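> sequence first, then the predicted structure:
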Amino acid sequence: MIRDPVVLLQNLVLSLSDSLDLVHPCAVDHQQRVAYIALRLTLPMGKTPEEQSDLLYAAALHDIGFLSVEEKIDTMQGDMEDLESHVRLGGDLLARFDLFHTAAEIVRYHHKPWNARDRWEGVRGPVRLSANAVHLADFVERQIRRDAGVLRQVPRIVEAVDRLSGEDFSPELVGAFHACAGIESFWLDTVSHRIDSVISGMVEWPRVILGMDSLEQIGQILSRIVDFRSSYTATHSGGVAVTASLLARRLLFEERECRLVRIAGHLHDLGKVAVPNAILEKPARLNASEFDVIRGHAYYTYQILSNIGGFEEITQWAAFHHERMDGKGYPFHYRGDALPLGSRILAVADVFTALTENRPYRQGVLRDGTIGILREFASNGSLDGRIVSVLVDEYEPINRDRAETQDAFAAEYSRRGEDRGRGISLLN
């Protein structure tokens, strides 16, 4: 009997924050460090538990609007000039989740200078202060050199903050920073390899358990973060999710289980957050080292989802989608009955979607070609033959729903590109 997932929102946020910082050694733990600093700066200000939670969600996910590894590295190294597009996209992505509406506001404004009063019109006071706390915390964290002891760097960092007090940063927040800066444990906590544990123990967090609707919202948000990085992948997870849920229904899964399969489909490529766009968008054959990077994505999907807790079935279904029935898949080399039925469904849905979807460099494979390839994969031990037979028997309705879903994602991706060029909201 498959149970409903029991997922704590705080755990999910911290795990996703960690996953988005996998892109490069210069970014490891960046967002959680920012969350810790922002929370420490505002603790004396009497924020309610709900306000503290909103600040945590915003700070821990403030870079969610970066859709490429290259963009994230550039901003960490101070080389990115256009920050407006990433804060708009980040805010719009978070606003899609009912529990993140205030966090979305904070993310939208977290690069606004404190003294730019014309840009704060209509923004609530607590949101403005929280956004500026994230801005200050982000600045401080990026000042910390990772190749030197942090305590030796404190005078330089304090001086850099002081130069921007009253302009970029609230004098009240700068004062709170000065109070923290003289405490060694503040800095040692900031660079701790167990920063997630430090954050979890700071305050009494509201216990928010996510239901199925919330998990579906999160799954759809994350599929866009992964897929919308490139026109090559812009609709893929949506296609896999709908195909997998339709196959599950025809294999007599309960409706609740079909929804879990759909969530797994949205999350199956989450580990690609660590894959550079130069590899994702390479039209030619990947070389051996590039393919090694790609093969790692399923492993990282497993690590990200397993760290959340309460996601056991979804984690296996999503992360094992490149395993093979004969044990020659990757990254774990499970085989046959060791592979849950949900993961075997995801594997078929992934291959089917990859074959049939249109890509910038080719049209999707037609019916007979797709069926021929799927049957070959079933006969050579790659895919589950029973699931392939179900797909072949129901090919037309499944392919129609897959195409309609991917067309909707493609239209949204196209609007995002057009709106980004005009500098307006990206995901309305």
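Looks like it came in fine.
> pLDDT on stretch 367-387, on average?
Per-region confidence: stretch 367-387 scores 97 on mean pLDDT.
> please identify the buried residues of that stretch?
370-371, 374, 377-378, 381-385, 387 (16 or more other CB atoms under 10 Å). C-betas here are computed from N, CA, C, even on glycine.
> out of the residues you listed, which is nearest to residue 253?
residue 387 (11.8 Å; CB to CB).
> residue 260 against residue 315, yeah?
No - Residue 260 is beyond contact range of residue 315, at 10.9 Å (criterion: CB atoms under 8 Å).
> between the two, who's got more neighbours?
Regarding residue 260 and residue 315, a neighbour count based on other CB atoms under 10 Å identifies residue 260 as having more, with 26 against 23.
> ok so, going back, closest one of the buried residues of stretch 367-387 to residue 53?
Distances from residue 53 to those, taken by CB to CB, are shortest for residue 387, at 41.4 Å.
> point me to the helix or strand that includes that closest one.
helix 385-393 (DSSP states H and E).
> elements contacting the helix or strand just after that helix?
Using DSSP H and E, the helix or strand that follows helix 385-393 in sequence is helix 395-422. Contacts defined by 3 or more CB pairs under 8 Å, 6 or more residues apart in numbering; DSSP states H and E place helix 395-422 against helix 84-95, helix 236-250, helix 341-356, helix 367-379.
> worst average pLDDT in these?
Among these, helix 84-95 scores lowest, at a mean of 86.
> now that helix against helix 395-422, angle please.
140 degrees (axes from the mean of the first three to the mean of the last three CA atoms, to 10 degrees).
> contacts only, for the closest residue to residue 353 other than its chain neighbours.
Leaving aside its sequence neighbours, residue 353 sits nearest to residue 239 (CB to CB, 6 or more residues apart in numbering; 3.9 Å). With contact set as CB atoms under 8 Å, 6 or more residues apart in numbering, residue 239 has these partners: 353, 356-357, 402, 405-406, 409.
> what about residue 239, distance to residue 257?
20 Å (CB to CB, to the nearest Å).
> just residue 164 next, same as before
53 Å.
> please identify which of these two sits among more neighbours.
Neighbour totals were compared for residue 164 and residue 257, and residue 257 leads with 20 against 16 (other CB under 10 Å).
> pretty sure that one is touching residue 248, no?
Yes - counting by CB under 8 Å, residue 248 is a contact partner of residue 257 at 6.4 Å.
> next, show the common contact partners of the two.
residue 342.
> hang on, the earlier thing: could the helices and strands packed on helix 395-422 go into CSV alongside distance to residue 210?
CSV is the format used below for the helices and strands packed on helix 395-422 (distance: least, CB to CB, whole Å):
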stretch, distance to residue 210
helix 84-95, 15
helix 236-250, 18
helix 341-356, 19
helix 367-379, 35
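> looking at these, which one is packed in the most?
Counting by mean count of other CB atoms under 10 Å, helix 236-250 has the highest mean neighbour count of the helices and strands packed on helix 395-422, with a mean of 26.
> distance between it and the chain's centre?
Its chain's C-alpha centre and that of helix 236-250 lie 20 Å apart, by CA atoms, centre = their mean, to the nearest Å.
> now do that helix and helix 385-393, the angle between them.
Using the same axes, to 10 degrees: helix 236-250 against helix 385-393 is 100 degrees.
> so for the helix or strand that helix 236-250 is followed by, what gets flagged as buried?
Scanning forward in sequence from helix 236-250 by DSSP H and E, the next helix or strand is helix 255-267. Neighbour counts using 16+ other CB under 10 Å place 257-267 of helix 255-267 among the buried residues.
> for these, which one is nearest residue 29?
Distances from residue 29 to the buried residues of helix 255-267, taken by CB to CB, are shortest for residue 267, at 22.1 Å.
> please name the nearest non-neighbouring residue to the closest one.
residue 318 (4.6 Å).
> wait, doesn't the one you found sit right on residue 272?
No - taking CB under 8 Å as the definition, residue 318 is not a contact partner of residue 272, at 12.0 Å.
> so for the two, which sits in the more crowded spot?
Neighbours per residue (other CB under 10 Å) separate residue 318 from residue 272, with residue 318 holding more: 30 against 26.
> check which helix or strand the more buried one maps to.
helix 312-319.
> in that helix, what's buried?
In helix 312-319, counting by 16+ other CB under 10 Å, buried: 313-319.
> still on that earlier bit, mind checking which of the helices and strands packed on helix 395-422 is nearest residue 299?
For those, distance to residue 299 was read as CB to CB. The smallest value, 14.1 Å, belongs to helix 341-356.
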